[in-house]
Structures are given as structure tokens and as C-alpha cells.
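Trainee: Provided below for reference: sequence and predicted model.
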Amino acid sequence: MSSPYIKSASVAAALSALDEGRTPERSVLREAVRALLTLLADGAPGRSVEVRVPPYGAVQCVPGPRHTRGTPPNTVEMDPETWLGLATGRLDWVRAVTEGRVKASGARADLSAYLPLELR
């Protein structure tokens, strides 16, 4: 994944499109999702939780036991718009999980301590 410093404009562009009720361009949304996933991995180093935002990316993060084969026991999955909201503080973790916008499984899958991300 590329540097979040370079891609921060894509986050702003994606959020702007969503605020205007438009769907962000696919390439902008992809870059925004990947930039924010990179920030998460940098801010919560580890390999015990896999965070998936299909179809744009996935990272392993959060300190704890490392997972190496098959489906990790701690997974978090959501759509790109939900990820943008959570990562930027526009959406609360508990609300997103309660509304079914986030699928989280495993004892370490609660990312509320790491969100929202500090944008650079």
C-alpha cells in the first residue's frame, strides 16, 4: 500500500462526494480506503486482527497472537463507505456494529480503541 501522506487528498475527495450525496469515483474511493487502512496498521501494529474492506483492501493489525494460515479468528469486515465514516470519526463504532454495518468476530475484533484515526 502507498503512503497515506500522499493519498490524504483522496480521503477528502471521497468524503466530499459522500457529503454531496454522490458516489465517489472508484479510483478515489480505493485510494482513500487503502490510505486509511495503512494508517490503521501503522497506529495499531500487530497481526492479530484482519480488517477487510472489500473490494479495496485488507490489513492485519492490533497487537496479540499472530495469525498465519486460513481465516483469522479475529476479523472485521465492512463496506468502503462505513470504513470512511469510522476511520474519520463520522460514524461511531458501537452504532456501526449495532446497525449491522460492521461484521466483527473474535475477542480482539473491537477496533473502537483505534478509531477514529489521526489523519495526516
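Mentor: Okay, I see it.

Trainee: can you give me the mean pLDDT across the longest helix out of those in the chain?
Mentor: The longest helix of the chain (DSSP state H) is helix 26-43. In this model, helix 26-43 has an average pLDDT of 96.

Trainee: for that helix, packing partners?
Mentor: Counting contacts by 3 or more C-beta pairs under 8 Å, 6 or more residues apart in numbering; DSSP states H and E, helix 26-43 is packed against helix 4-19, strand 49-53, strand 57-61, helix 80-88. C-beta coordinates here come from the backbone N, C-alpha and C atoms, glycine included.

Trainee: Low-confidence ranges, this protein, go.
Mentor: Scanning the chain for pLDDT under 70 picks out 1-7, 67-68, 119-120.

Trainee: still on that earlier bit, right, so of the helices and strands packed on helix 26-43, which gets closest to Ala109?
Mentor: Nearest to Ala109 among the helices and strands packed on helix 26-43 is strand 49-53 (5.8 Å), distances taken as C-beta to C-beta.

Trainee: The closest one pairs with which strands, and in what direction?
Mentor: Counting by DSSP bridges, the strands paired with strand 49-53 are strand 57-61 (antiparallel), strand 75-78 (parallel).

Trainee: Dump those strands into CSV; add mean neighbour count and distance to Lys103 as well.
Mentor: CSV is the format used below for the strands paired with strand 49-53 (neighbours: other C-beta atoms under 10 Å; distance: least, C-beta to C-beta, whole Å):
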stretch, mean neighbour count, distance to Lys103
strand 57-61, 19, 13
strand 75-78, 21, 5
